[in-house]
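Asks: Got a predicted model here, sequence first, then my questions.
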Amino acid sequence: MARKKIALIGGGQIGGVLAQLIAQKELGDVVLFDIVEDMPQGKTLDIAEASRVDGFDVKLKGTNDYKDIAGSDLVIVTAGLPRKPGMSRDDLLTTNAKIMKSVAEGVRDNAPNAIVIIISNPLDAMVTLFQKVSGFDHAKVIGQAGVLDSSRFSTFIAWELGLSVKDINAMVLGGHGDTMVPLVRYANVNGIPVMEMLERKYGDAAKAKEVMDAMVERTKMAGGEVVKLLKTGSAFYSPASSAIMMAEAIMKGENRLMPTCAYLKGEFGVDGYYVGVPAVLGENGVEKIIELSLNEEEQAAMDKSISAVKNLVADMERLGF
Ligand code: A3D
């Protein structure tokens, strides 16, 4: 079997960790692209020089030339700037949309058969723009946000219950912003509802709800919590790991169910927008979207999140993209 080729567009904090994880897992040969000269070459050289110690054997290439991504099976995009002091949301949207447009053109012209995972923010808008400019099949352009948001939610639940995070299953849907929707009712510990575990722990339904509400709130604000501690930049280890879980499902054709920013054609009452929903990821990208039955409260939260995504996309269109 021919070795897979994975191109990483953006060689910053997340891009560097992605390259290292792909190499360590031998998911495929890596091409790390960035507009900054020499930096991706330096990072890939550094990672390659760990191959003897880590025991991996893949090719790693750093580049500033899109031609080097030719033949890629998968592309993961992290190109984009974080918000700087004094920069408005529109300023960031304009800057990153310009970058995403050039990335989509570069990928379209050089790796037309690739499946693409976008990580750059604002996520839901950037996925939408990449698909629009590239013209790629909707099922082959997806965004990473929900895997990370769900992992954060699961981590907080594990800490609260004093249990291994390996046994926690929790999902966060909706857009990647303050309106994201952690699904409390579906959160479970190997099948046992988390709310039931909390009620048992506290012997009081009101207290259990209060504790869960705090975890939901912390999940929604988790990105900002890391930013505040780091002082410069945003989370990069966990976003990279999350995208790798998606990449692995696609590269290995695993058909794994995970929250994915995927294009909806009527599912969840949404037509023509990218929103975080449970999706089956396999060799063709999104193999299937799983429509959950939501209760009134969950549907209302989802509707609010969907309208935030629609507003974001409308803002981007107003800015000319
Ligand atoms: P950073 O370390 O700044 O890396 C971004 C890289 O993009 C830099 O190396 C730039 O040189 C490069 N770049 C800029 N313009 C271009 C271009 N035109 N073509 C190619 N590369 C370019 O950021 P990071 O790696 O920490 O984060 C990357 C993105 O991910 C940002 O937009 C973050 O906001 C976003 N992010 C998303 C999540 C999600 O869960 C969705 C989490 C964390 C960060």
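Replies: Happy to help now that I have it. Remember, predicted model here, so these are calculated numbers, not experimental data.
Asks: Is it correct that M258 is in contact with L148?
Replies: No: between M258 and L148 there is no contact, the gap being 10.6 Å when judged by C-beta atoms under 8 Å. Just so you know, the C-beta spots here come from the backbone N, C-alpha and C atoms, and that holds for glycine as well.
Asks: what about the two, which has more around it?
Replies: Neighbours were counted for M258 and for L148 using other C-beta atoms under 10 Å; L148 has more, 23 against 17.
Asks: Which helix or strand contains the more buried one?
Replies: helix 146-161 (DSSP states H and E).
Asks: ok, which residues in the stretch 51-200 of the chain are in contact with the ligand?
Replies: Within the stretch 51-200 of the chain, the positions near the ligand by C-beta under 6 Å from any ligand atom are 78-80, 82, 99, 102-103, 119-121, 123, 144-145, 148, 176.
Asks: biggest separation within those residues, which pair?
Replies: With C-beta to C-beta as the measure, no two of these lie farther apart than S102 and L148, at 25.2 Å.
Asks: Only the buried residues of the strand ranked longest in the chain, if you could.
Replies: When the chain is parsed with DSSP state E, its longest strand is strand 271-282. By 16 or more other C-beta atoms under 10 Å, the buried positions in strand 271-282 come out as Y273, Y274, V275, G276, V277, P278, A279, V280, L281, G282.
Asks: ok, back up a step: mind giving me the packing neighbours of the helix holding L148?
Replies: On a contact count with 3 or more C-beta pairs under 8 Å, 6 or more residues apart in numbering; DSSP states H and E, helix 146-161 meets strand 168-169, strand 172-173, strand 181-182, helix 194-202, helix 205-220, helix 237-251, strand 256-265.
Asks: Indicate the residue of the stretch 1-150 of the chain located nearest to the ligand.
Replies: Closest residue of the stretch 1-150 of the chain to the ligand, C-beta to the nearest ligand atom: G12 (1.8 Å).
Asks: Can you report how many residues neighbour the residue lying closest to R108 once chain neighbours are set aside?
Replies: Closest residue in space to R108, ignoring its immediate chain neighbours: S134 at 4.3 Å, by C-beta to C-beta, 6 or more residues apart in numbering. When neighbours are defined as other C-beta under 10 Å, S134 has 23 of them.
Asks: circling back to that earlier point, is the longest strand of the chain in proximity to the ligand?
Replies: No: figure legend: strand 271-282 not in contact with the ligand (C-beta under 6 Å from any ligand atom); closest approach 10.0 Å.
Asks: which secondary structure elements does that strand contact?
Replies: Counting contacts by 3+ C-beta pairs under 8 Å, 6+ apart, strand 271-282 is packed against helix 123-134, strand 141-143, strand 172-173, helix 237-251, strand 256-265, strand 285-289, helix 296-318.
Asks: so which of these gets nearest L27?
Replies: helix 237-251 (5.5 Å).
Asks: list the buried ones in that closest one?
Replies: By neighbour count on 16+ other C-beta under 10 Å, the buried set for helix 237-251 is 238-251.
Asks: Any part of that helix near the ligand?
Replies: Yes: using C-beta under 6 Å from any ligand atom, helix 237-251 comes into contact with the ligand via P239.
Asks: Now tell me what touches stretch 158-169 from outside.
Replies: Stretch 158-169 is touched from outside by 154-155, 157, 186-190, 194, 197-198, 201, 211, 215, with contacts defined as C-beta atoms under 8 Å, 6 or more residues apart in numbering.
Asks: Also stretch 76-96?
Replies: With C-beta under 8 Å, 6+ apart as the test, stretch 76-96 has contacts from 6-10, 12, 14-15, 18, 34-35, 99-100, 103, 107, 116-122, 125-126, 130, 233-234, 243, 247, 312, 315-316, 319.
Asks: Just the buried ones from these, in PyMOL syntax?
Replies: In PyMOL, this line selects whichever of the contacts of stretch 76-96 come out buried by 16+ other C-beta under 10 Å:
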select buried, resi 6+7+8+9+10+12+14+15+18+34+99+100+103+107+116+117+118+119+120+121+122+125+126+130+243+247+312+315+316
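Asks: just to revisit the earlier point, which one of the buried residues of helix 237-251 is nearest to the ligand?
Replies: P239 (3.7 Å).
Asks: contacting residues for that closest one?
Replies: Counting by C-beta under 8 Å, 6+ apart, P239 touches I14, I119, Q144, L148.
Asks: repeat for D137
Replies: With C-beta under 8 Å, 6+ apart, D137 has these contacts: G285.
Asks: returning to what we had before: may I see the contacts of stretch 158-169 organised as TSV, with neighbour count added?
Replies: Shown next, in TSV, are those (neighbours: other C-beta atoms under 10 Å):
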residue	neighbour count
S154	24
T155	18
I157	27
Y186	16
A187	24
N188	17
V189	19
N190	10
V194	27
M197	19
L198	23
K201	14
V211	21
M215	23
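Asks: Understood, closing this out.
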